[in-house]
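Engineer: Give me a 3D structure for the following:
(one chain, ligands or ions: 1)
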Amino acid sequence: MYAWLMKHLFLPLYDAHLMGRKTLLRVREVDCNQWLSREELEELQWTKLQRLLRYAYEKVPYYRKRLDEIGLHPEDIRTPRDFLHWPILEKQDIRENFEALQSPDYRHLNTIKSATGGSTGEPVHFVYPREAWEWRIAATARTDRWAGWDFGCKEAHLWGVSWDPERLGPRLKKKVHDFLLRRRIYNSWSLTEEVLSRYVQGLNRFKPDVLMGYTNPLFVMARFVEERDLPVPRMRGIVATAEMLYDYQRETIEKVFQAPVFNRYGCRELMLIASECEYHQGMHLNSDNQYHEFLRDNEPVEAGEVGEIVITDLNNYGMPFIRYRNGDLGIPGNRTCPCGRGLPLMEGMQGRLLDMIVTPDGRYVAGEYFIRLLKTFPGIRHFQVVQEAVERLEIRLVTDSQFRPEYLEETRRSLGQIVGARTRIEFQMVDAIPLTASGKWRVTVSRIPVHFRST
Ligand SMILES: [Zn+2]
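Structural biologist: Numbering: from 1, shown residues only. All right, here's what the predicted structure looks like:
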């Protein structure tokens, strides 16, 4: 009953009438789009892309300058092959052209500010208008429904919560918001056995319909439940995101919670990129909202081959991300999914190499925590967290002139609260962070395995 009222009465009233938003309209639109044929979706995507390219050239100083420099005009781009000539947008380009990348039409509308530590450990700040946000929320809602979620159902989240000392007002607003949306957040930053035990009890009382979380914390919780043989609530689905999901992790999580795991891939700059449907045959790309390329040396790779992921956000006119290389590697597919959706499949991805950090007093800290913490300091160009021994954490930093030495103490203080006083934190200022053998940057590396003591 509550779910029905939420979906048909409260949300439409709030979204369209009170806030003047179009989120629910977008939800309906993207819901229809998923059932279009592959060809119809490609046509929609290409039309949206061309409109964005023309706009970016006309209005966005950064693109006008870059395209004029190489003598390219949006009208020259008639096929996907032509689009390969459009310059790639790197994280460094965003850092150096933050103003020039914004459209003057949208400057006062670019109200959503965000930042990413990125899966490669290179912080970037960016903005986007509310209308782009509405599309993003709609695309996320579409895939949440594949996992058994719907408006008004109970959702539990096991992921990071902002540690900023927020004022009481916004904090209260968030609490009311979560209460009305029947959402419970379990902070995954520092998982001790005591915390995990509390969370599992909380889940049993709350009885969520779906659980969404960072992959490694979900896995740690599943291992904890398994080793203690604890009861867990019956759920429709579990969404694993933000980190690589390995088969052994999926098996454990599904076995322990007796619910299917839906692997999902996204990044903070673009939010949802791809997600598994109920057939788990790969991840459907969010292709009506983004244009995806999988490249090696600026040439598309074949289906089944690994390529660098390059994405264009088709709805963000405020600060267009066109051919943005986010640093992840993915494998495009060419199979059709039995579900009948026309959204193309990505076979897999290689990225998000985030190990959990284990502390001497038995806490498990998600790798995502370091990304969220370190992006708050200006001047950090690249970082890596390495744990060779349980009591010692090494933070390697590549910095520029904006970085101030006092940030180290601030980092130590914030980090100390999460990893505990028994962990020794050491900083190493380095010139570069080396790549792994597979060509990826590892953001957190730990040699300490996840293992619970039998107490
Ligand atoms: Zn499918």
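
Engineer: Which stretches in the stretch 201-350 of the chain count as strands?
Structural biologist: Taking DSSP state E, counting those that start in this stretch to define them, one finds strands in the stretch 201-350 of the chain at 210-214, 237-241, 261-267, 271-276, 283-285, 290-296, 299-300, 307-313, 324-332, 345-350.

Engineer: cool, the stretch 51-200 of the chain as well?
Structural biologist: Using DSSP E, counting those that start in this stretch, the strands assigned to the stretch 51-200 of the chain run over residues 112-116, 124-128, 155-159, 183-187.

Engineer: So what touches the third one?
Structural biologist: Going back to what we said before, that points to strand 155-159. By CB atoms under 8 Å, 6 or more residues apart in numbering, the residues outside strand 155-159 that reach it are 149, 181-188, 199, 203, 206, 208-214, 217-218, 221, 242, 366, 368. No exception for glycine: its C-beta is placed from N, CA and C like everyone else's.

Engineer: Just the buried ones from these, in ChimeraX syntax?
Structural biologist: In ChimeraX syntax, the buried subset of these is picked out as below (16 or more other CB atoms under 10 Å):
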select :149,181,182,183,184,185,186,187,188,199,203,208,209,210,211,212,213,214,217,218,221,242,366,368
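
Engineer: thinking again about what came up before, what's the closest of the strands of the stretch 51-200 of the chain to the ion?
Structural biologist: strand 155-159 (21.7 Å; CB to the ion).

Engineer: Against the ion, how distant is the closest residue to Glu29 other than its chain neighbours?
Structural biologist: Spatial nearest neighbour of Glu29, chain neighbours left out: Ala138 (7.0 Å); criterion: CB to CB, 6 or more residues apart in numbering. Applying CB to the ion, to the nearest Å, the value for Ala138 to the ion is 18 Å.

Engineer: So Ala138 is in contact with Val30, correct?
Structural biologist: Yes: Ala138 is within contact range of Val30, at 4.7 Å (criterion: CB atoms under 8 Å).

Engineer: so what's the residue nearest to Glu29 up against?
Structural biologist: Per CB under 8 Å, 6+ apart, neighbours of Ala138: 23, 26-27, 29-30.

Engineer: now do 6 Å
Structural biologist: Residues in contact with Ala138 (CB atoms under 6 Å, 6 or more residues apart in numbering) are 26-27, 30.

Engineer: In helices, which of those appear?
Structural biologist: Using DSSP state H, 26-27, 30 are the members of these that sit in helices.

Engineer: Reformat these as a markdown table; add neighbour count and distance to the ion.
Structural biologist: Output for these, formatted as a markdown table (neighbours: other CB atoms under 10 Å; distance: CB to the ion, whole Å):
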| residue | neighbour count | distance to the ion |
| --- | --- | --- |
| Arg26 | 23 | 21 |
| Val27 | 22 | 19 |
| Val30 | 21 | 15 |
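
Engineer: what ranges of this protein fall below the confidence cut-off?
Structural biologist: 17-18, 117-121, 162-166, 350-354, 435-441, 449-455 (pLDDT under 70).

Engineer: Mind checking which residue lies nearest the centre of it?
Structural biologist: Cys267 (3.2 Å; CA atoms, centre = their mean).

Engineer: Need the nearest residue in space to that one, chain neighbours excluded.
Structural biologist: Asn326 (5.2 Å).

Engineer: My guess is the one you found contacts Arg268. True?
Structural biologist: No: using CB atoms under 6 Å as the test, Asn326 is too far from Arg268 to be in contact (9.4 Å).

Engineer: more neighbours, these two?
Structural biologist: Asn326 (24 against 18; other CB atoms under 10 Å).

Engineer: Leu272 versus that one, what's the distance?
Structural biologist: 13 Å (CB to CB, to the nearest Å).

Engineer: Could you name every residue contacting both of the two?
Structural biologist: With CB under 6 Å, 6+ apart as the test, Asn326 and Leu272 reach no residue in common.

Engineer: Kindly report the residues of this structure close to the ion.
Structural biologist: For the chain, the contact set with the ion under CB under 5 Å from the ion comprises 277, 279, 337, 339, 341.

Engineer: Pull the contacting residues for the second one.
Structural biologist: This means Tyr279. 337-339.

Engineer: For the residue of the stretch 51-200 of the chain found nearest the ion, give me its contacts.
Structural biologist: Nearest to the ion in the stretch 51-200 of the chain, going by CB to the ion, is Trp146, at a distance of 7.8 Å. Contact analysis of Trp146 by CB under 6 Å, 6+ apart lists 277-278.

Engineer: Tell me the spacing between it and Met349.
Structural biologist: Distance of Trp146 to Met349, computed by CB to CB: 18 Å.

Engineer: Repeat that for Ala3.
Structural biologist: Using CB to CB, Ala3 is found at 33 Å from Met349.

Engineer: who has more neighbours, these two?
Structural biologist: More neighbours surround Met349 than the other of Ala3 and Met349, with 21 against 14 (other CB under 10 Å).

Engineer: Surely that one and Gly330 touch.
Structural biologist: Yes: if you go by CB under 6 Å, Met349 and Gly330 touch, sitting 4.3 Å apart.

Engineer: Grab the nearest non-local neighbour of Thr444.
Structural biologist: Closest to Thr444 by CB to CB, 6+ apart is Gly367, at 3.7 Å.

Engineer: That neighbour: how many residues sit nearby?
Structural biologist: Applying other CB under 10 Å, I find that Gly367 has 27 neighbouring residues.

Engineer: And it, its phi and psi?
Structural biologist: phi -60, psi -30 (degrees, to the nearest 10).

Engineer: How about the one 5 residues further on?
Structural biologist: Here the main-chain torsion angles of Arg372 (degrees, to the nearest 10) amount to phi -70, psi -40.

Engineer: which one is it nearest to, not counting chain neighbours?
Structural biologist: Gly160 is the one closest to Arg372 (CB to CB, 6+ apart), at 5.7 Å.

Engineer: Tell me which residue in the stretch 151-300 of the chain sits closest to the ion.
Structural biologist: Closest point on the stretch 151-300 of the chain to the ion, by CB to the ion, is Cys277, at 3.3 Å.

Engineer: That residue contacts Pro338, doesn't it?
Structural biologist: No: at 9.2 Å, Cys277 does not count as touching Pro338 under the criterion of CB under 6 Å.

Engineer: higher neighbour count, those two?
Structural biologist: For Cys277 versus Pro338, neighbours defined as other CB under 10 Å are more numerous around Cys277 (22 against 10).

Engineer: who touches that one in this structure?
Structural biologist: Cys277 touches 146, 284, 339, counting by CB under 6 Å, 6+ apart.

Engineer: and if we set it to 8 Å?
Structural biologist: Cys277 sits in contact with 143, 146, 262, 284, 337, 339, 341, where contact means CB under 8 Å, 6+ apart.

Engineer: Kindly report the same for Pro338.
Structural biologist: 279, 281.

Engineer: One more pass at 10 Å, please.
Structural biologist: By CB atoms under 10 Å, 6 or more residues apart in numbering, the contact set of Pro338 is 277-279, 281.
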